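J.: fold the following for me, if possible:
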Amino acid sequence: MKRSTINKIIQESDEFIKSHGFRLPPFAYFQPNELVARKLEFQAIFDARLGWDITDYGEDRFDKMGLFLFTLRNGSMSDLKSGKGMCYAEKIMISRQDQVSPLHRHIIKTEDIINRGGATLAIEMFESNANGEIDQKASVRVFCDGVAKTSKAGDILRLAPGESVTLSPGNWHKFWGENGDVLIGEVSTVNDDIADNIFAESIGRFSEIEEDTDPIHLLVSDYEKWCLL
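T.: Modelled structure (predicted):
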C-alpha cells in the first residue's frame with residue numbers, strides 16, 4: 001500500500017469513528033517526530049503495540065480484502081499466563097462494505113466482536129478439527145450476547161448494531177460489512193497480532209508500505225522501523 005493511501009484511510013476512518021460518537025485517545029494524534037522525541041514517556045504504548053493498524057494482508061487489494069484497526073489497550077502475555085494483572089485488550093475496527101477480513105483463527109485469544117454501529121456485520125464461521133484445520137462438517141457453537149447459538153459449518157452470522165458474538169480459540173471466522181460500512185468493537189484477552197493469527201490462506205498480517213509521502217501518524221507496524229521498540 002502507498003503511504004499516501006494509508007494517510008487517507010486514517011483521516012477517513014477517524015471521521016467515521018467520530019460520526020458514531022466514539023473518540024480515540026490523545027496518543028492517536030501525536031505526530032511521528034513527537035513520538036520519537038517522547039519515546040521513553042510512551043514506551044508502554046509501543047511495547048503493547050497500541051495505535052493505528054491498517055492492513056491489506058499483503059495483497060494490495062484493500063477495498064476487497066483489508067481492515068482498519070486501532071488498538072486502544074493491551075495487556076501482556078506474562079500477565080495472561082500468571083492470571084493476574086492486565087489480561088485484556090480492546091480494539092476499534094472498521095469493516096467496509098463487502099471488504100473481507102479473511103478466514104483465520106487464534107491460538108490463545110478469546111474475543112467479543114461487537115457491532116458498534118453502521119450496517120450489518122456478517123461473519124462466516126467454522127470449527128477446528130483435532131489438528132486445528134477447518135472442519136467442513138462440525139457445527140459451530142458460540143455465544144451471542146450471552147445466548148448460546150449453534151450453526152452449521154460455513155453458515156453466516158449477521159450482527160445488527162449493538163449485537164455481539166464471543167469467539168473462542170479455534171473458531172475460524174471471516175467477516176465483512178453487509179450493505180454498508182460497520183464500526184466494530186473488539187474486547188478480548190491479550191492480543192498478539194504477530195504470533196496469534198492463523199490464516200487459512202498464505203497471506204501476511206501486515207501491509208507492505210510504499211513510502212511515497214511522509215506518514216501523518218505511525219502504524220503499529222512502523223514502530224520497529226522508527227526505532228521505538
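J.: can you tell me the helix or strand for the residue most central in space within the chain?
T.: The centre of the chain sits closest to L69, judged by Cα atoms, centre = their mean, with a distance of 4.9 Å. Using DSSP states H and E, L69 maps to strand 67-74.
J.: if you count neighbours, what's buried in that strand?
T.: Buried positions in strand 67-74, judged by neighbour count with 16 or more other Cβ atoms under 10 Å: L67, F68, L69, F70, T71, L72, N74. Every C-beta, even on glycine, is put in place using the N, C-alpha and C of the backbone.
J.: returning to what we had before: can you give me the distance of the residue nearest to the centre of the chain to G154?
T.: 25 Å (Cβ to Cβ, to the nearest Å).
J.: ditto for R3
T.: R3 sits 37 Å away from G154, going by Cβ to Cβ.
J.: who's more crowded, the two?
T.: Just comparing R3 and G154: by other Cβ atoms under 10 Å the higher neighbour count belongs to R3, 17 against 13.
J.: so where do the strands sit in the chain?
T.: For the chain, applying DSSP state E gives strands covering 51-55, 67-74, 88-95, 101-105, 111-128, 134-135, 140-144, 147-151, 156-159, 164-167, 172-189, 198-199.
J.: could you export those strands as TSV, including mean pLDDT?
T.: Shown next, in TSV, are the strands of the chain (pLDDT from 0 to 100):
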stretch	mean pLDDT
strand 51-55	98
strand 67-74	98
strand 88-95	98
strand 101-105	98
strand 111-128	98
strand 134-135	98
strand 140-144	98
strand 147-151	97
strand 156-159	98
strand 164-167	98
strand 172-189	98
strand 198-199	97
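J.: so which of these is the most packed in?
T.: strand 51-55 (a mean of 23; mean count of other Cβ atoms under 10 Å).
J.: ok, Q97 - contacts?
T.: Contact analysis of Q97 by Cβ atoms under 8 Å, 6 or more residues apart in numbering lists A119, W176, G177, E178, N179, G180, D181.
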